[in-house]
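Asks: 3D model of this:
(one chain, ligands or ions: 2)
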Amino acid sequence: MTSNAITFSEAKPLDFVAIGRLCIDLNANEINRPMEETVTFTKYVGGSPANICIGMSRLGLKTGFIGKVANDQMGRFITGYLDREGIDASGVSIDRTGAVTGLAFTEIKSPTDCSILMYRDNVADLLLEAGEVPESLIADAKMLLISGTALAKSPSREAVFQALEYAKKHGAVIAFDLDYRPYTWTSDEETAVYYNLAAEKCDIIIGTREEFDMMERLGNNPERDDRITAAKWFDHSADIVIIKHGKDGSIAYSKDGNSHRARSFPAKVVKTFGAGDSYAAGFLYGLMQGWDISASMEFGSAAACIVISSHSCSDAMPKAPEVHEYIERCLKGEITSD
Ligand SMILES: Nc1ncnc2c1ncn2[C@@H]1O[C@H](COP(=O)(O)OP(=O)(O)OP(=O)(O)O)[C@@H](O)[C@H]1O
Ligand SMILES: O=C(O)C[C@@H](O)[C@H](O)C(=O)CO
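Replies: Ligands and ions are numbered 1, 2, ... in the order given. Take a look at the predicted model:
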């Protein structure tokens, strides 16, 4: 199937495989206050690539995950969740070194003032080794998603480049969700080098304006012009580059020279994070259905609204009928922002 010059190998048994972190979100139950004043949290599976994979699975696609979890109750909570979601977890390794599961404590001071306190020392997800990346899982997949934070440290960094090599070898479409989390990196120069090296191999690149700014410290785009940002990647492997702008929506550029703007939909926002993961899942799902770029962006934008209107990220990932209904209700004026 071809969508916007991107061709998916229909004969492959898996639709989507992601590689990267599997973590735990601990979202404060007492919202609209600083974390210092919160007492209880709800535990969810987290990790941006995990959220995207869960989103793709919820939308009805056959998915798999490549990663590493801690050999403890949190690791077993995560793998049990993937199993219940029907996600092939055969590519998930168990750490044997005593590493731990990354924790994301989320603070919801207000619907527009949210932050994440990350505990990521000695996390298992960054210990995934290149030799643990199953070539067969990627060979069976129409699409591979990589996520930028997995590039932050070795051996996870080399595992990502191994996955990219397998994807190229077996004709999988490669999507790169930039997912820049500063606390995981030690140097701006190193960050930009590895993000750029990975991005050169990718067919679809999705990031915020700020994430592309981080990458472009090696280039020259003082006006932070989205079109200049996108053009660079069409000289490499990219067919589609999406720059996300929060409530102001998103813009996509395609290699054929076209651009596509998507507005955001109204939403009763509980917390803003999770927007990017659900947007990515909705957009990539749309492409895999053969929809055009604009329709896929609209679907991703609506999926994002459903997740930011919820307390969780992974648990809130919607099914396809929910997203279509959300769009219809917005078009009828039945949903408004606060
Ligand atoms: N407040 C909002 N109201 C409606 N839609 C939103 C809002 N914030 C984000 N979105 C939708 O989600 C998409 C992605 O959001 P954003 O640009 O914030 O990405 P992100 O920074 O990667 O998200 P995250 O907060 O999960 O890291 C936007 O393009 C828009 O369609
Ligand atoms: O990606 C992370 O490590 C944090 C996520 O678990 C959290 O759900 C989020 O920020 C989603 O964007």
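
Asks: next, the residue in the stretch 151-300 of the chain that ligand 2 sits nearest to: phi, psi?
Replies: Closest to ligand 2 within the stretch 151-300 of the chain is F273: 4.0 Å, counting by Cβ to the nearest ligand atom. C-beta here means a position set from N, CA and C on the backbone, and glycine is covered the same way. Backbone geometry at F273, expressed as degrees, to the nearest 10, gives phi -70, psi 150.

Asks: what are the ranges of the strands in the stretch 101-250 of the chain?
Replies: Applying DSSP state E, counting those that start in this stretch to the stretch 101-250 of the chain gives strands spanning 103-110, 113-119, 141-147, 173-177, 204-208, 240-244, 250-254.

Asks: winner for burial among the ones you listed?
Replies: Highest mean neighbour count of the strands of the stretch 101-250 of the chain: strand 141-147, a mean of 28 (counted as mean count of other Cβ atoms under 10 Å).

Asks: list the helices and strands that one packs on?
Replies: Where contact means 3 or more Cβ pairs under 8 Å, 6 or more residues apart in numbering; DSSP states H and E, strand 141-147 is packed against strand 14-19, helix 48-58, helix 156-170, strand 173-177, helix 275-288.

Asks: okay, the angle between it and helix 275-288?
Replies: In terms of direction (axes from the mean of the first three to the mean of the last three Cα atoms, to 10 degrees), strand 141-147 departs from helix 275-288 by 160 degrees.

Asks: off-centre distance for strand 141-147?
Replies: On the basis of Cα atoms, centre = their mean, to the nearest Å, strand 141-147 sits 11 Å off its chain's mean C-alpha point.

Asks: got it, and stretch 279-291?
Replies: Mean C-alpha position of stretch 279-291 versus that of the full chain (Cα atoms, centre = their mean) differs by 13 Å.

Asks: quick one: that stretch near ligand 1?
Replies: Yes - judged by Cβ under 6 Å from any ligand atom, stretch 279-291 and ligand 1 are in contact via Y279.

Asks: got the CA positions of that stretch in CSV?
Replies: Extracted as CSV, the C-alpha positions of stretch 279-291 are listed here (Å, rounded to 0.1, in the frame of the first residue of the first chain):
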residue,chain,number,x,y,z
TYR,A,279,-0.6,12.4,17.9
ALA,A,280,2.2,10.2,16.5
ALA,A,281,0.1,7.1,16.9
GLY,A,282,-2.9,8.6,15.2
PHE,A,283,-0.9,10.1,12.4
LEU,A,284,1.1,6.9,11.6
TYR,A,285,-2.1,4.9,11.9
GLY,A,286,-3.7,7.1,9.3
LEU,A,287,-0.8,6.7,6.9
MET,A,288,-1.0,2.9,7.3
GLN,A,289,-4.7,3.1,6.4
GLY,A,290,-3.7,4.7,3.1
TRP,A,291,-5.1,8.1,4.1
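
Asks: now do that stretch: everything it contacts.
Replies: With Cβ atoms under 8 Å, 6 or more residues apart in numbering as the test, stretch 279-291 has contacts from 1-4, 6, 8, 15-16, 51-52, 54-56, 58-59, 61, 142-143, 145, 175, 177, 204, 206, 240, 242, 244, 250, 293, 295-297, 299-304, 317, 320, 323.

Asks: which of the residues you listed are buried?
Replies: The neighbour count (16 or more other Cβ atoms under 10 Å) marks 3-4, 6, 8, 15-16, 51-52, 54-56, 58-59, 61, 142-143, 145, 175, 177, 204, 206, 240, 242, 244, 250, 293, 295-297, 299-304, 317, 320, 323 as buried among the contacts of stretch 279-291.
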